[in-house]
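Trainee: I'll drop the sequence and a predicted model, then ask my questions.
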Amino acid sequence: MKLRLALSAIALTVAGAHATQVTPSDKAIKLAHDTILIDTHIDVPYRIHDKWADVTKATDGGDFDYPRAVKGGLNAPFMSIYIPAHLEFEGKGKSFQLANQLIDGMEAIAQRAPDKFAIASSTSDIEAQFKQGKMSIAMGMENGSPIEGDLNNLQHFFDRGVRYITLAHSQSNHISDSSYDIRRKWKGLSPFGKELVKEMNNIGMLIDVSHISDDAFYQVMALSKTPVIASHSSLRKYTPGFERNMNDDMLLALKKNGGVIQINFGSSFVTAKAGTWGKQLKSNKEAVKKDGTKLSKDFDAMYRAKNPYPFASLEQVLDHIDHVVKLIGIEHVGIGSDYDGVGDSLPIGLKDVSSYPNLVQGLMDRGYSDTDIKKILSGNTLRVWKQAEAYAKKH
């Protein structure tokens with residue numbers, strides 16, 4: 001289950017490993033700052049909807065605020081218009097309502113601090129605002145539930161600045177089956193979902209294949225006329241059995257499509273140990289409930305104190321990037337951290353948006369050229385976005 005309330009980052013020593021302090025070089029810091037840096041998945045909108053904070057200034061909690069983003073070189077975050085995958089939202093107007101409110105929140109940030117932020121609805125906006133020294137707020141919709149079976153709503157959200165849609169979230173919806181949902185209602189995409197994919201191509205909306213089932217993924221691959229993204233996914237090679245991540249065959253299909261996988265930093269996406277820890281916590285909770293004992297509100301914290309969370313490391317995140325590059329090429333990998341979306345599960349060395357220079361340093365240490373690093377930071381994502389824009393102009 002995806003955590004939504006990001007707790008304060010805690011530097012912990014992991015059992016069997018030692019937390020190492022990453023100190024990026026001046027060159028790594030400069031490269032992060034001098035390059036357009038796109039992170040395709042940051043969950044600020046829902047975070048501040050749940051508990052408001054002024055992220056135009058330093059904040060006590062969360063993983064993102066303006067000062068930390070500037071320190072990290074982040075200048076083009078895709079803010080996630082996240083809609084919970086609850087049946088109460090599906091098809092009843094509530095998801096449409098919430099999506100619009102979350103977009104309003106992002107517009108408010110740009111209006112409240114116009115010297116710092118500007119809404120970006122195109123690649124040219126990103127490039128122009130980078131030159132102006134402003135942080136671009138791009139938007140992606142996590143869960144297509146707000147479309148509510150009406151293609152007019154697709155156009156509505158495009159007009160409001162949304163530039164990608166994650167077709168489903170943790171439950172299957174009216175568009176697609178979810179990787180988390182054992183009920184495979186559609187055996188991939190629904191009839192409306194197949195129609196939606198074509199129309200997303202036509203208007204220049206990027207298709208995000210994170211969260212959807214394997215069958216749905218391959219159906220998107222067959223239908224889409226433009227490259228797709230996996231806005232915040234990592235690799236099943238390192239997390240066997242975790243369908244939310246992508247396997248090697250899917251990566252090869254992504255290469256054929258021309259798309260990009262943006263690597264998720266959440267530890268359970270990066271290492272199997274973290275996923276196992278989460279399953280054990282869930283199992284312990286269920287056992288307590290079966291005994292008829294009321295769960296303490298401190299249960300998670302108490303469990304964590306006795307069973308230290310196996311945080312992933314920066315090196316393990318880099319392993320995911322390396323594998324994509326070796327299998328399908330440098331042109332197909334980017335960054336989709338899931339900051340503010342995975343709670344206190346972020347890797348050592350990548351605890352918040354000030355940490356991107358650590359990632360750059362890690363890539364430099366592994367022999368990546370400046371040109372290749374720039375592709376990972378933004379070049380690949382800009383390429384697929386421009387291809388979507390070009391296709392839409394012809395249709």
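Mentor: In hand now; what should we look at?
Trainee: my read is that residue 227 contacts residue 256, right?
Mentor: No. Using C-beta atoms under 8 Å, residue 227 is not in contact with residue 256, being 10.0 Å away. Quick note: C-beta positions are derived from backbone N, CA and C, even for glycine.
Trainee: what ranges do the strands span in this protein?
Mentor: 38-42, 76-82, 117-119, 135-142, 162-166, 206-208, 229-233, 260-263, 333-335 (DSSP state E).
Trainee: just so I know, which of the ones you listed lies nearest residue 316?
Mentor: strand 260-263 (10.6 Å; C-beta to C-beta).
Trainee: strand partners (parallel or antiparallel) of the closest one?
Mentor: strand 229-233 (parallel), strand 333-335 (parallel) (DSSP bridges).
Trainee: got CSV for those strands, with mean pLDDT and mean neighbour count too?
Mentor: Putting the strands paired with strand 260-263 into CSV (pLDDT from 0 to 100; neighbours: other C-beta atoms under 10 Å) gives the following:
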stretch, mean pLDDT, mean neighbour count
strand 229-233, 98, 30
strand 333-335, 99, 26
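Trainee: now for those strands, which one comes closest to residue 94?
Mentor: That would be strand 229-233 among the strands paired with strand 260-263, by C-beta to C-beta, at 23.3 Å.
Trainee: quick one, the closest one and strand 162-166 angle?
Mentor: With axes from the mean of the first three to the mean of the last three C-alpha atoms, to 10 degrees defining the directions, strand 229-233 sits at 70 degrees from strand 162-166.
Trainee: can you list the neighbours in contact with strand 229-233?
Mentor: Applying C-beta atoms under 8 Å, 6 or more residues apart in numbering, the contact partners of strand 229-233 are 40-41, 78, 140, 142, 164, 166, 206-210, 244-246, 254, 259-264, 269, 334, 336-338, 341, 381, 384.
Trainee: chain center to that strand, what's the gap?
Mentor: Strand 229-233 sits 6 Å away from the centroid of its parent chain (C-alpha atoms, centre = their mean, to the nearest Å).
Trainee: touching, residue 146 and residue 98? I think so.
Mentor: Yes. With contact taken as C-beta under 8 Å, residue 146 and residue 98 are classed as touching, separated by 7.4 Å.
Trainee: quick check: mean pLDDT of stretch 111-123?
Mentor: Here stretch 111-123 scores 98 as its mean pLDDT.
Trainee: wait, stretch 296-307
Mentor: Summarised as a single mean, pLDDT over stretch 296-307 is 92.
Trainee: buried ones in it?
Mentor: Under the neighbour-count criterion of 16 or more other C-beta atoms under 10 Å, stretch 296-307 has 300, 303-304 buried.
Trainee: what of stretch 252-270?
Mentor: So for stretch 252-270, counting by 16+ other C-beta under 10 Å, buried means 253-255, 257-270.
Trainee: would you put the C-alpha positions of it in PDB?
Mentor: In PDB, the C-alpha atoms belonging to stretch 252-270 read as follows (Å, rounded to 0.1, in the frame of the first residue of the first chain):
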ATOM      1  CA  LEU A 252      12.500  -4.600 -24.200                       C
ATOM      2  CA  ALA A 253       8.900  -3.700 -25.300                       C
ATOM      3  CA  LEU A 254       9.400  -0.200 -23.800                       C
ATOM      4  CA  LYS A 255      12.600   0.200 -26.000                       C
ATOM      5  CA  LYS A 256      10.700  -0.800 -29.100                       C
ATOM      6  CA  ASN A 257       8.000   1.800 -28.200                       C
ATOM      7  CA  GLY A 258      10.700   4.400 -27.600                       C
ATOM      8  CA  GLY A 259       9.500   5.100 -24.100                       C
ATOM      9  CA  VAL A 260      11.200   5.800 -20.700                       C
ATOM     10  CA  ILE A 261      11.100   4.200 -17.300                       C
ATOM     11  CA  GLN A 262      11.600   6.800 -14.500                       C
ATOM     12  CA  ILE A 263      13.100   4.900 -11.500                       C
ATOM     13  CA  ASN A 264      11.200   5.000  -8.200                       C
ATOM     14  CA  PHE A 265      13.300   5.700  -5.100                       C
ATOM     15  CA  GLY A 266      11.000   4.000  -2.600                       C
ATOM     16  CA  SER A 267      13.000   1.200  -0.800                       C
ATOM     17  CA  SER A 268      10.300  -1.400  -1.500                       C
ATOM     18  CA  PHE A 269      10.600  -0.600  -5.200                       C
ATOM     19  CA  VAL A 270      14.400  -0.900  -5.000                       C
END
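Trainee: circling back: filter the buried residues of stretch 252-270 down to the ones in helices?
Mentor: 253-255, 257, 267-270 (DSSP state H).
Trainee: just flag the most distant two among those residues.
Mentor: Counting by C-beta to C-beta, the most remote pair of those is 257 and 267, 28.4 Å apart.
Trainee: run a quick neighbour tally on residue 326.
Mentor: Look at residue 326: counted by other C-beta atoms under 10 Å, it has 9 neighbours.
Trainee: so for it, what pLDDT did the model give?
Mentor: Residue 326 is given a pLDDT of 98.
Trainee: mind listing what it touches?
Mentor: Per C-beta under 8 Å, 6+ apart, neighbours of residue 326: none.
Trainee: please report how far it lies from residue 135.
Mentor: From residue 326 over to residue 135 the distance is 33 Å, taken as C-beta to C-beta, to the nearest Å.
Trainee: now do residue 97
Mentor: 27 Å.
Trainee: those two - which one has more neighbours?
Mentor: Set residue 97 next to residue 135 and count neighbours by other C-beta under 10 Å: residue 135 wins out with 22 against 13.
Trainee: wait, isn't the more buried one in contact with residue 73?
Mentor: No. With contact defined as C-beta under 8 Å, residue 135 does not reach residue 73; the gap is 10.6 Å.
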